[in-house]
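>>> With the sequence up front, the predicted model follows.
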Amino acid sequence: MPRSDLFPELAVKSQSKPIHALRSKDGYSSSQEINGLVSDNLHNSSDAQIAKLVNLKFNSNAFALIRQLSQDLSAKETELILLREEKSRRENELLRLCNEFGNLSYVEVDRRLNALKPEKNVHKVVSAMVLDAMAISDSQGSNERLPKDVQRPKPQSRNKRTALRRTQQPFHKEEKSASTQNRKSLAEATDIRSSVGLPVSPNLHDTQNPKEEPIWPRWLHWLNQSEESVDLPNKSTDIQNKSSIENSRNKSVVELESMGDSFSPILTSTIFDADKFGFVNDKPLQNLKCKTSSLQDMPSPVESPVSISKSATEINLTLANVENSESGKALTTLALSQSLDKLKLLNEQYLATSEMHLKQWDILMRQAQTSGSPKSDQDVSLGTFGLKAQNLKKQGSSLRKMFGHEDELSDDSKSFKFLQRLIYESGIPPKHRNYLWFELSGAKNRAIAGEYQRLLANSQGTSDPTLIESIDQIKLDLHRTLPSNIYFNNQKTNGPGPQFAALKNILMAFAAYEPNIGYCQGMNKLLGNVMLGVNESHSHGGSKVSEENLFWLYVSIVEDILPCYSELNFFHPKAMMLLREDSLILRQYLNKLMPQLGKHLESLGVELELVVISWWIGVFTEAVSSIDLWLKLLDGLLIADNPRIKFHAYTLAAFYFYQRALCGFKERDSIYGFINLLKTGNGPNIKSNEFMSIAASFEKQIHTIELKSPS
Amino acid sequence: MSFAPSTTSVKLVLLGEAAVGKSSLVLRFVSNDFQENKEPTIGAAFLTQKCTVGDRTIKYEIWDTAGQERFASLAPMYYRNAQAALVVYDITKPASFIKARHWVKELHEQASKDITIALVGNKYDLVADDNDSDDSLRKVSMEEGKALAEEEGLLFFETSAKSSHNVNEVFVAIGSKIPEAKPVTEELGSRPGNVGRIDLSGPALRSNLSDCAC
């Protein structure tokens, strides 16, 4: 058979790309933008409409229209040629890989691929793809490469619900099967990819055999259903909460809101091909982009709602076009329009939720900043929110009237709960981040005017051997801190970036401030990430943070926010052993809360501590691949009652989102390898609101677990 | 289509002072690549690479540890059950050689008795053009390295992760010193805490794409 038929799935995928991606490129799109009206489905228009078009846009010159159309056509042709070329190159490479690493002959690969039976009905395929895309944004989002219905058994009640929906909407079932087929072929491709170190499902080929499904703990099912809920156990009693859960169920990734924003005031991407945090797009990041293209290509909802409706129309047109060219039938089918409606609904829900969150934040901030009425002098010095928002717990009454939640916020800790819920659901929005970080970390109370300059001077001409040792180590690590980020490393000149000096000064001043803690590898990345978060906040209208205040923010995070071990600071040299002991406890939690994963890891002889220690020392910078998510983790730490437990909860949540991938590995080193990939930014995408609520529910359950004393 | 008759898994750990080039040696060995500003390792990193030695294929499971002194207390977690160790120093930094001496001592006292250790003086590219002139960047002579290696029964190499000088040679030499083990496939179902060999009977899909060029 011809090679081009080998991967129908890939072919469809790549051909569908122009919907989002190819529009913005080259002559085809620009010419279209200029004229604006030459749409894909001109053949559906009436003669009068075409005449009008010729009149208005082409000065009554029909030749111009023809020329335009022909130009568009040839541009599309070119795209197709390039796509075909790319596809065949990929196929050949995959075949080679299958042969070389999968021990599969060409014949075998051909046989399997032939068995896939590609769907020929275009609108079915498109519908399936749309549903697939929605399923991805609807699911946990932890690993879109893996077909989720294969990997994770669905909770019973959910199945029932789906079944109900199917009977109500007959088209749904048909699509489902088409979509499964799509996924299956995707799974085949996944199989091959696993040779490049990507995770594979353990029972990829057992899709037809439900008996083979692993036994999952009952509570996990329950968790899956209510992952957005923060107060899981109480939610049934709280109607208000319930509706907000319903709202958030379909909302998209929080990170979407800041996507596509041009960010840096100084170092715009016109100089470098850098993302909004200033990371130059090196290879790993490109991989990430490729994986998330379906999300990346979506227009930013915050930016302009208009563009969404425009793009929805665009999809509409394209789909209509696809349909027409294929079957010649009139316009879109019911299935297609319903898929589209669902997409639009998804968008609207996302918009509504993020807008609602932003509004709630704005109100909270305004309320707190203007009428926050501290009750004592001590409260004044602590600020409106205070360290870990302790002040909110005290002065809840002043915030009680918000949204008329009079009865809900009946006691003082409710306003704290409100903040907590906001942080879990949306994280601190960039524009409020700098203000809130400064308060919640306790930096506002810690800052002593002039002290920073004194410490900086001290660190310069010191003769103290421990301080010198710290400074030597800092100097060794400075130029290798976030080396792919333009703020710290100017890629063009290979010299220091604009914030290199601040990074150096703050680390050195800290070593002088706390000589016993000094400098620990990992602090550099922590501070670097904090600085990137502060940058982003400032570019979104957040307050400007001076180097001095940044220092106090950093000091407060290290001293008051990170966990302590036997009253030793997190980064204290002697705390390292205690950290190690604590990491042994994590295994017990994991075995209790995710027994399936725990057993799997144990059977392979994976030493969890080896992994967990690195995650902790790096304050999770090595545990999650996205800095957006990392910033939310820090937000959560800033209001954590018990940071040590929070660390456990975050770690468990990370394993929760990686477990599908991890359970797919049959070898120990694949597991370690996967975890090693995370720090290169190649990990799965996780929605931060889901991560935070999963972590919150783990946190609650941790308290119920009785620990065996480690032997 | 076919596989090497026997694959031996070898747990290998890298130890040495901060910024001597441990991660860079691994990167060169695993990906044949070099990065000027390699991020410091936090805790430890894990990578694998296969390497053909004679008629055997050796699969290295590499634990690349963080170099800062305060992480030293974590090192036993990583060198426990290791069959091989690379103790790395920087030939332009005498202090790193002293630290290497300490690591060798600790390994002999704490690690498995039959561990194969290679002493590696890295950053050879910095002195490659020198002719023993007084302003040479070299601060640890090759003789010193050799002497320590002979004294302690270690393999010895001067390497450059940057120019890839001698990097593969280190791993090949370690491989040929590792005693021939039973094919790993016979050791199914290894229990936690077992010696660092694992089930290789699964499909031959690996995280690393290519065998090393050695």
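Received it, and whenever you're ready, just let me know what you need. Residues are numbered from 1 along each chain as shown, chains lettered A, B, ... in the order given.
>>> Got the domain ranges for chain A?
Following automatic domain parsing, chain A resolves into domains at A:1-116, A:352-445, A:456-568, A:575-702.
>>> In chain B, what residue lies closest to chain A?
B:G43 (2.9 Å; CB to the nearest CB). (Each C-beta comes from the backbone N, C-alpha and C, glycine too.)
>>> OK, contacts around that residue?
Neighbour list for B:G43: A:522, A:610, A:613-618, A:622, B:65-66, B:71, B:74 [criterion: CB atoms under 8 Å, 6 or more residues apart in numbering or on different chains].
>>> Just the CA trace of the helix or strand where A:R660 lies, in CSV.
Using DSSP states H and E, A:R660 sits in helix A:643-663. Taking Å, rounded to 0.1, in the frame of the first residue of the first chain, the C-alpha atoms of helix A:643-663 are listed here in CSV:
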residue,chain,number,x,y,z
PRO,A,643,4.1,23.8,54.9
ARG,A,644,5.7,20.4,55.6
ILE,A,645,2.3,18.7,55.0
LYS,A,646,1.8,21.0,52.0
PHE,A,647,5.0,19.7,50.6
HIS,A,648,3.7,16.1,51.0
ALA,A,649,0.4,17.1,49.4
TYR,A,650,2.0,18.7,46.4
THR,A,651,4.3,15.7,45.9
LEU,A,652,1.3,13.4,46.1
ALA,A,653,-0.7,15.6,43.7
ALA,A,654,2.2,15.5,41.2
PHE,A,655,2.3,11.7,41.4
TYR,A,656,-1.4,11.7,41.0
PHE,A,657,-1.1,13.5,37.7
TYR,A,658,1.9,11.5,36.6
GLN,A,659,0.5,8.1,37.7
ARG,A,660,-1.0,7.2,34.4
ALA,A,661,2.3,7.7,32.7
LEU,A,662,4.2,6.0,35.6
CYS,A,663,2.0,3.0,35.7
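>>> Run the contact check for the next helix or strand after that helix versus chain B.
Note on helix A:643-663: by DSSP H and E, the next helix or strand toward the C-terminus is helix A:668-677. Yes - residues of helix A:668-677 are located near chain B by CB under 8 Å from any CB of the partner chain, namely A:668-670, A:672-676.
>>> Regarding the chain, what is its longest helix?
Using chain A. helix A:62-101 (DSSP state H).
>>> you looked at the wrong chain, it should be chain B
Per DSSP H, chain B has its longest helix at helix B:94-110.
>>> Just the buried residues of it, please?
By neighbour count on 16 or more other CB atoms under 10 Å in any protein chain shown, the buried set for helix B:94-110 is B:96-97, B:99-100, B:103-104, B:106-107.
>>> Phi and psi next, for the residue nearest the centre of chain B.
Most central in chain B under CA atoms, centre = their mean is B:L86, positioned 3.7 Å from the mean C-alpha point. Dihedral angles of B:L86 (phi, psi; degrees, to the nearest 10) stand at phi -110, psi 120.
>>> hang on, A:K525 packs against A:A623?
No - using CB atoms under 8 Å, A:K525 is not in contact with A:A623, being 11.9 Å away.
>>> higher neighbour count, those two?
A:A623 (25 against 22; other CB atoms under 10 Å in any protein chain shown).
>>> Does that one fall in a helix, a strand, or a coil region?
Assigned with DSSP: H, G, I helix; E, B strand; the rest coil, A:A623 falls in the coil class.
>>> Which residue is the nearest non-sequential neighbour of it?
Of all residues not flanking A:A623 in the chain, A:W615 sits nearest, at 4.1 Å (CB to CB, 6 or more residues apart in numbering or on different chains).
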